[in-house]
Every structure is written in structure tokens, then in C-alpha cells.
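Participant: Next one to model:
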Amino acid sequence: MNWWIVAFILFVVTGLVLTVFGWNKTSVLTMFFGISFLMIPIFYAVEWLKPFVPFIPPISIGIAYLSKKKNTA
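Facilitator: Numbers count the residues shown, from 1 in each chain. Predicted coordinates for the structure are as follows:
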């Protein structure tokens, strides 16, 4: 098995756990890291998304902030 596949699966599982934990605790930082870990394998796996890898942190902080705002409203 390729080590990249193992690393991507590990990132996705960690991202799911952190995102769900962040939603339950309404922690923006935990959701930020969880969404980032979910997006990294997706952006690297899809060829036309690779140039947008530097935009993962702003996208994930935006999603985390908006989801926290939606949960508290």
C-alpha cells in the first residue's frame, strides 16, 4: 500500500474526529484544524485544485467561523 494513501486516510480520519469534536464543543480552533485536515487530501488528490493549496487555511477558518455563527444563532 502506498504511504501517501495511508497518510491521506489518517488525515481524513483525524479531520473528521476534530471537526465533530469542534461542533460539539463549538470550538472554532478545533473545527479549523479538523476542516483543514479534511481539505488537505482532497486538494492534493484533485489535480486542478493543487494550485489552491495555500488557500486552505482561509477557507477552513471561514467555514469554521460561519458554522459556529450558525450554531449559536
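Participant: Isn't Ile63 up against Gly34?
Facilitator: No. Between Ile63 and Gly34 there is no contact under C-beta atoms under 8 Å: 10.0 Å. Yep, even glycine has a C-beta here, placed from its N, CA and C like the rest.
Participant: how about the helices in the chain?
Facilitator: Applying DSSP state H to the chain gives helices spanning 3-25, 28-45, 56-72.
Participant: Show me the shaky parts of this structure.
Facilitator: Applying pLDDT under 70 to the chain flags the ranges 1, 71-73.
Participant: Show me the residue sitting in the middle of it in space.
Facilitator: Nearest to the geometric centre of the chain sits Ile35, at 1.8 Å (C-alpha atoms, centre = their mean).
Participant: show me the contacts for the closest residue to that residue other than its chain neighbours.
Facilitator: Leaving aside its sequence neighbours, Ile35 sits nearest to Ser60 (C-beta to C-beta, 6 or more residues apart in numbering; 4.0 Å). Counting by C-beta atoms under 8 Å, 6 or more residues apart in numbering, Ser60 touches Phe32, Ile35, Ser36, Met39.
Participant: one more time with 10 Å
Facilitator: Gly15, Thr19, Met31, Phe32, Phe33, Gly34, Ile35, Ser36, Phe37, Leu38, Met39, Ile40 (C-beta atoms under 10 Å, 6 or more residues apart in numbering).
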